[in-house]
Structure formats: structure tokens, C-alpha cells
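Chemist: When you get a sec, could you give me coordinates for this:
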Amino acid sequence: MDALRNDQSEFLRAWRRRVITRIAQAGKELDGARRLASFSGGSREVLSAWSGDTGVPSALPGLEPGLRRSHLAAAIGEMCHVAVRPHWGRVHAHLTSVRDFRRDTMCSEGIEALLNNLSPYIRWRAPVLEIDSAGMARVEPNGRGLLLSPSLFLQGGAAVLPSFPWTAESSPVLVFPDRPSDRHGSLLDEGRPPAPAADFLPQDSLAALLGKTRAAVLHGLRDGCSNGELAEKLGVTPAAISQHTGTLRNAGLVFTCRSGGRVVHTLTTLGRCLLHVGPNFD
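Modeler: Numbers count the residues shown, from 1 in each chain. Predicted coordinates:
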């Protein structure tokens, strides 16, 4: 929504023009998306209403009377269908890469480095995470943790949801923009071929490159695990797993860190790219 109305920026200009044209030509078929696009407020107000914030009235100020909170989910679905879904393969792949990069930063440099490098508008000053953003209120996680959500489209510094929509007592959600260069515009270029739909490279192709056991190790580390857990999965000895993870780590495909008394292996961004984890849109 914010990106659609930000016509002063070159960012996503071609995408903005296409989406606005589609909404206008669709008429009543995309009536909810049209109302969202013309809403005089911003995405933060809609996010708050969508998440069930009790401080938001059932009819949002500036929103046409016909679009009340009960209709927001359908309207957001329409907007997603016309503005995001056609490009979801490439967008999802980009956000997955961002997630992996941020996770690797946290594992190698610590949580402070992660938080201080999310955005120029976000600073960690223990024990407070400071966020420069209009309408930001104080949020107390109260032991619930914090869910970080990168966004290709978010305009401004950041947005915070007190909890995940429709999930009571869940973690607050910090949405932050991630567009370090102009390459993001090409993600939505309709002339590019869609991202491959396979979840990973065929096992025999990966095995031909790395060897059967190392390919299985790499595949088994998609969600992270210890030597013992991986050995049990693959039916080999922990010593063999340790040797293979060492080789993969030296190649930059695996990251190893200690968590309590366990040594945990996870894939680096390069390792995930080799597996070629693909998106599914449901």
C-alpha cells in the first residue's frame, strides 16, 4: 500500500504502474484492493486492525465505510493476489536469502550485531531496542521473544505488530525494510522467467557434485542439528558426520556453533543456495 502511493520514489516504479493499472481495470472484481490502495492512512493502521488491535475502531479513519475490519482479510488477499503473488517466486527467494544472511550474522557476530544492522532507524541500546518510526509505541515482549520479518515493500524505518495476527500471546513482530540496492526492482520484472519450483536440486545431481553422503548431510542440515542427530537420521557414525561437516564447513556451506552443551550445524546462505530451496505460495 505504502509503496503504491509513494510516487516520488523511483523504487518499484514499473511495478507500481502495473499494479495500479490492473486494479483500475478490474473494477468491482478487486474492489477491496482498490479501497486499500486509496486508503488515506498507511499500512501500519491496517496491520494493527488486521492483527486485532483493540485500540483500532472497526471502521478505520479514512477508509471507505464499506471496508470494515471484518472485510480486511479479504481485501488484503486481493491486494496480495494482484501486487505480490505474480512475483512471489522471486520475492520469496530474496527474503529467504535475507533471512539466512541475518541468521548467519547472529550466529557469527551475536544478537547485538544482528539488531544494530537491521536498519539505520533501528538501534539496540540494552535493554531497549529503539525504533525511529512514526506512531511507534512502547512494546513489552514479556519473555515472548521477537520475530523479525524482512520486507521488500515497506516504506520508512520499521513497523511493529504487538503479536502475530490472530495468535494470542505470540511474539511481537518487527517488520523492517530490506532493499540494499536497486536490484530489488528487477525482482518484479515480468520479463524475467519465474523462479524454479523445485524444493532442492535432484539428489543424484547434488550427489554427483558432492558425493552421496555429503549431499545427504547437506540436505539433512536444512533445519540445523547436531552430529548425533544427523548421524541417527542418515544411519552413519557421528565420527563420519563430523568429518563430512568439517569438509562442508571449510567449503563455506555449513556454519557450526555451540548451543549449551551441543554443537549445532546449520547451512550458510551459500549452502542453501546450493540446495536451491524454492518457494511455495499457499
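
Chemist: wait, doesn't residue 169 sit right on residue 163?
Modeler: Yes. At 7.0 Å, residue 169 counts as touching residue 163 under the criterion of C-beta atoms under 8 Å. The C-beta positions use only the backbone N, C-alpha and C, and glycine is treated the same way.

Chemist: Low-confidence ranges, the chain, go.
Modeler: 9, 40-45, 47-70, 134-136, 164-168, 180-187, 189-205, 259-260, 276-282 (pLDDT under 70).

Chemist: related to what we said a few turns ago, residue 169 and residue 163: who's more crowded?
Modeler: residue 163 (19 against 8; other C-beta atoms under 10 Å).

Chemist: What helix or strand is the more buried one located in?
Modeler: Here residue 163, judged by DSSP states H and E, is contained in no helix and no strand.

Chemist: what's it in contact with, if anything?
Modeler: Residue 163 makes contacts with 51, 144, 169-173, as judged by C-beta atoms under 8 Å, 6 or more residues apart in numbering.

Chemist: mind running it again at 6 Å?
Modeler: residue 170 (C-beta atoms under 6 Å, 6 or more residues apart in numbering).

Chemist: And for residue 262?
Modeler: residue 226.

Chemist: Compute the distance between residue 12 and residue 101, please.
Modeler: Between residue 12 and residue 101 the distance is 21 Å, computed by C-beta to C-beta, to the nearest Å.

Chemist: Give me the more crowded residue out of these two.
Modeler: Neighbour count, other C-beta under 10 Å: between residue 12 and residue 101, residue 12 has more, with 22 against 15.

Chemist: Quick check: phi and psi on residue 262?
Modeler: phi -110, psi 150 (degrees, to the nearest 10).

Chemist: can you pull up the bridge partners for it?
Modeler: residue 259 (DSSP bridges).

Chemist: Could you find the closest non-adjacent residue to residue 247?
Modeler: residue 214 (6.8 Å; C-beta to C-beta, 6 or more residues apart in numbering).

Chemist: Now the helix or strand harbouring residue 79: buried residues?
Modeler: Counting by DSSP H and E, the element that carries residue 79 is helix 69-83. Applying a neighbour-count criterion of 16 or more other C-beta atoms under 10 Å, one finds 69, 72, 75-76, 78-79, 82-83 buried in helix 69-83.

Chemist: ok, so of these, who is nearest residue 148?
Modeler: residue 76 (21.0 Å; C-beta to C-beta).

Chemist: From residue 233, how far off is that closest one?
Modeler: Residue 76 is 39 Å from residue 233, by C-beta to C-beta.

Chemist: Then residue 124?
Modeler: 36 Å.

Chemist: before we move on, what about residue 223?
Modeler: With C-beta to C-beta as the criterion, residue 223 and residue 233 are 11 Å apart.

Chemist: same thing with residue 95?
Modeler: For residue 95, the distance to residue 233 - C-beta to C-beta - is 27 Å.
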